[in-house]
Each structure stands twice: as C-alpha cells, then as structure tokens.
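Peer 1: Turn this into a model:
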Amino acid sequence: MKLGYHLGYWSSGPPEGALDAILRAEELGFDSVWTAEGYGSDAFTPLAWWGASTSRIKLGTNIVQMSARTPTATAMHALTLDHLSGGRFVLGLGASGPQVVEGWYGQPYPKPLARTREYVDIVRKVVAREAPVTHDGQHFQLPLQGGTGLGKPLKSTVHPFRKEIPIFLAAEGPKNVALSAEICDGWLPLFFSPKSDAFYRTALEEGFSRPGARRGFDDFEVAASVPVLVHDDVEEAASWIKPSLALYIGGMGAKSVNFHHDVFARMGYEDVADKVQELYLAGRKDEATAAIPTSLVEDTSLIGPAEKIRDELAAWEETVVTTLLLRGDAATLTKVAETVG
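Peer 2: Numbers count the residues shown, from 1 in each chain. The predicted model follows:
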C-alpha cells in the first residue's frame, strides 16, 4: 500500500510548514501529495507553488470542484501543471454539494452524475488534442447553443505532455463510486472503513462491468484520506479527530442533503449521525463532538500505539484502498511512515 500526503484546503490562511512537510514526504518515498479547495483557497495554485520545489512525487488535486470552472478551464489547468511537473499531475474532481455549488458558485446542482460524465469527457478531449473540441450535451455545449452564433470549435494551442492525464473522482454514494470506476482512473474516498469494503467493492464492480469502462481492479487507484495518529492514549487521539467528524457529519451540507452523514449511516452509525447532525445544526457543536463514539473514529482512522496501528493496518491492506493519504507536519509524517511503512 502506497502513502500519500494530503494538505487539504486552507483554513484562515496558508498552513505553516507546508513546503517542509511536502519535501519530507518526497524524501520518505511518498507516492503523491494532494491539495483541496472549499470556498477559500483554490487547489491548483498551492500545488504549483509548492510542487515546483519537488522532483519526483506526484501532484494531485483532492479535490477540484467542478462547478468552480468550465471543463475546458480545468483541462487548461491540467495541461499546464502536467507540463510544469514533467508528467506528474493527477486531476482529482468532485461535484461538492448543493450548498456550495448553488450558494458559492451560483451554478445548478441537479443531476450531478450526468454533469460529471459530460465534464470528464470534455476534459479528456481537450487533453488528447486530437480534434477541435465539440460537445452537445444536456449540461455543456461546445460551441455554445443560443449565443451569438460566432462560436467555433477550438483545439488547445498547447500540445499535451501526455495524451492522457489520470483523472480521479471523489465519490461517497454507490452510484457515484460506480461512475468513478467506469469513466475514471481512480477513486478518492473521504470516510472509508474496512467494514464498508464489500459495499464499495460491489459499487466499483458495477462500474467496471459497464461497456467502455476504462479499467478494472488491477489498474484502478483508490486513494483514501485516512487520519493516522501514533499516540499511547487512544481516547486522546480520538478527541483530536472528533471535532472534524462532527463538522462533516453535522454541518457539511443541509439536513436533507449531507452525503457525509449518509456514509456513516450506511456504516451502521445512523442513530449517531442523526444525533450529531441535530446537535450541530442547533449550534451545540461541543455536544455534537461528544456524541461521536471512539469506535466510529477507529473504524475510519488508524489511531493509538504503533503496535495497534500495525495490527489494524492488515485489515486496510485487504481492502480496495491502494494509497493511504496522511495529514500532518513533517515530524508527524516521519513518525507515521516509520509506523506503517
């Protein structure tokens, strides 16, 4: 199982020590480093800025929100970064949720799967540069229909460094996971648990079995963001993770549409997820955090003494996950790499 480093998105400003941690990850032999975006910092700029100081490690976005850019604009970013990195770029995409898509980007959210399928198709056409790009879809038209009538199909002026750039899809529901297996090169799960492996394996198999599917289990990547904390006190380690879980389960989405909540409900924590969401949306964030049992943290994280983590890692190695994406500063990455490497 490979290791990756996930910087995430910024909070109030750039994370301290980011470049030191990235360079340490490369020195330790990590396979990849990833950036993210919410509704503040973007994913491409930090990846280019810090990635310029690296030479080997893959540079990925986890994730770029599709509603933030047209498919051709995203393809331009991908072409540019792939050239600048010497073919090390990985494009991770995600649909986000209606609160951000409609509230921040002012774009429609309905039919995210159909929009994703069209989006990925256009990106691949731009990168391949085999012909002027045209697309007549329900969500995207190139050239635009109903405009001035002066639009014309265009082909990128930039020749690609690679005819194909790997595209990974962030997905949590079974239909979206199946879509990632059908049209992409990898899947980016956020809250994965070995207990859910059979569920997701079935969803991936559904995608791989569709006509025209690009890959199968042998050459498909699954890069899962997994908190790993080496600490003698399991409860204390869990306490550092619980506030983030409360935010995602309770506050990252509307009560009726929160895909993170649904992940934990499928995992067997429906009552917990409902309670956390109710408390969080009522502004009782500390109570929401306290309502998360340590067992839920342990199901989706690797925490505790080194020996415990090594023992539990065996279950992860039997899953569809091919890369563990870690977080932390340079010292944390070193400690975790020594434990799980």
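Peer 1: any idea how far Ser301 is from Ser41?
Peer 2: Ser301 sits 25 Å away from Ser41 when distances are taken as CB to CB, to the nearest Å. To be clear about C-beta, it is placed using only N, CA and C from the backbone, and glycine gets the same treatment.
Peer 1: Domains in this protein, by residue range?
Peer 2: 2-228+306-340, 232-304 (automatic domain parsing).
Peer 1: Same list (those domains) but as a markdown table, adding mean neighbour count.
Peer 2: Below are the domains of the chain laid out as a markdown table (neighbours: other CB atoms under 10 Å):
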| stretch | mean neighbour count |
| --- | --- |
| domain 2-228+306-340 | 18 |
| domain 232-304 | 18 |
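Peer 1: where among these is the average confidence lowest?
Peer 2: Across those, domain 232-304 has the smallest mean pLDDT, namely a mean of 92.
Peer 1: any idea how far stretch 277-287 is from the chain center?
Peer 2: Taking CA atoms, centre = their mean, to the nearest Å, one finds stretch 277-287 lying 26 Å from the centre of the chain it belongs to.
Peer 1: again with stretch 191-200
Peer 2: Stretch 191-200 has its average C-alpha position 16 Å from the chain's average C-alpha position, going by CA atoms, centre = their mean.
Peer 1: Now do that stretch: distance from first to last residue.
Peer 2: Distance across stretch 191-200, first residue to last, is 12 Å (CA to CA, to the nearest Å).
Peer 1: who's in contact with it?
Peer 2: Taking CB atoms under 8 Å, 6 or more residues apart in numbering as the criterion, the residues outside stretch 191-200 that touch it are 172, 174, 177, 189, 224-226, 248, 260, 263-264, 266-268, 299-300, 315-316, 318-321.
Peer 1: check contacts around Val257.
Peer 2: Contacts for Val257 (CB under 8 Å, 6+ apart) come out as 97-99.
Peer 1: How much space separates it from Phe220?
Peer 2: With distances defined as CB to CB, the gap from Val257 to Phe220 amounts to 28 Å.
Peer 1: go on, Ala314?
Peer 2: Applying CB to CB, the value for Ala314 to Phe220 is 22 Å.
Peer 1: Pro227 now?
Peer 2: For Pro227, the distance to Phe220 equals 24 Å [CB to CB].
Peer 1: Check Gly253 too.
Peer 2: As it turns out, when the distance is counted by CB to CB, Gly253 lies 27 Å from Phe220.
Peer 1: out of everything not next to it in sequence, what's closest to the spatially most central residue of the chain?
Peer 2: In the chain, the C-alpha nearest the mean C-alpha coordinate belongs to Asn62, at 3.8 Å (CA atoms, centre = their mean). Closest residue to Asn62 in three dimensions, ignoring its sequence neighbours and counting by CB to CB, 6 or more residues apart in numbering: Trp34, at 3.9 Å.
Peer 1: just Glu102 next, same as before
Peer 2: For Glu102, ignoring the flanking residues on the chain, the nearest one in space by CB to CB, 6+ apart is Tyr109 at 5.5 Å.
Peer 1: my guess is the one you found meets Gly103, correct?
Peer 2: No: with contact defined as CB atoms under 8 Å, Tyr109 does not count as touching Gly103 (9.8 Å).
Peer 1: I figured the residue nearest to the centre of the chain hits Leu188, correct?
Peer 2: Yes: if you go by CB under 8 Å, Asn62 and Leu188 touch, sitting 5.3 Å apart.
Peer 1: okay, and the common contacts of those two?
Peer 2: Common neighbours of Asn62 and Leu188 are listed as 92, 168, 170, 223, 225 (criterion: CB under 8 Å, 6+ apart).
Peer 1: Between all of those residues, which two are separated the most?
Peer 2: Taking CB to CB as the measure, the shared contacts of Asn62 and Leu188 reach their widest spread between Phe168 and Ser225, a distance of 12.1 Å.
Peer 1: quick one: the helices in the stretch 1-150 of the chain?
Peer 2: Counting by DSSP state H, counting those that start in this stretch, residue ranges of the helices within the stretch 1-150 of the chain are 18-27, 44-51, 71-84, 98-103, 112-128.
Peer 1: can I get those in CSV with distance to Lys58?
Peer 2: Conversion of the helices of the stretch 1-150 of the chain to CSV gives the following (distance: least, CB to CB, whole Å):
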stretch, distance to Lys58
helix 18-27, 10
helix 44-51, 9
helix 71-84, 11
helix 98-103, 26
helix 112-128, 17
